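A.B. asks: Build me a model:
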Amino acid sequence: MLEVTNTALRSTAALLPGPDAGGLPGGVVSPAQYGERFKAAAVYLNQQQLIPEDRVAQTLQDLFDAALVCSASVAQWARRKTRALAEVYRAIGERTIEEKAPCLDETGPRIAGKLGWLHHDLDARLHLLSRREPRAAVPGNLKGGVVVA
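C.D. replies: The predicted model follows:
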């Protein structure tokens, strides 16, 4: 079951000028929402374990009795996390390309009925899954390594 935290709100509109903050804790933007750890678990299942959004939503419904979770929410949480980690992804991508012997691989999964190319760049410590177009769009600044296409 999910842990429910009830936050008592009070209006400060009569006391303070400007928008009414309402006393919500940091990160809380609506009266009812899933917490950050719950969202992180959904993103982990979707992005790290490569479980489709609809199956992640169903898993969370089954495990936590979270009846209102839907695939659109999982997709939105993943997009937000992708934007938040954009600089990290860029740095990992640069590191894997700078490596003297990187390994590049690609596969062609169908996404929404359309063929897309998923690239896997890795070195001894870092792995980056990304989508690059067109197929076999090998970075021009490689210093050696193996390309598997």
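
A.B. asks: Now do the domain split for the chain, please.
C.D. replies: Domain assignment of the chain by automatic domain parsing yields the ranges 1-84, 90-147.

A.B. asks: ok, of the ones you listed, where does mean pLDDT dip lowest?
C.D. replies: The stretch with the lowest mean pLDDT among the domains of the chain is domain 90-147, at a mean of 69.

A.B. asks: which residue ranges form the strands in this structure?
C.D. replies: Remark: strands assigned in the chain by DSSP state E are 103-107, 110-111, 114-115, 118-122, 127-131, 146-147.

A.B. asks: from the ones you listed, which stretch is densest packed?
C.D. replies: Of the strands of the chain, the one with the most neighbours on average (mean count of other C-beta atoms under 10 Å) is strand 118-122, at a mean of 19. The way it works is simple: take the backbone N, C-alpha and C, and place the C-beta from them, glycine included.

A.B. asks: by contact count, what packs against that strand?
C.D. replies: If you count contacts as 3 or more C-beta pairs under 8 Å, 6 or more residues apart in numbering; DSSP states H and E, strand 118-122 packs onto helix 86-98, strand 103-107, strand 127-131.
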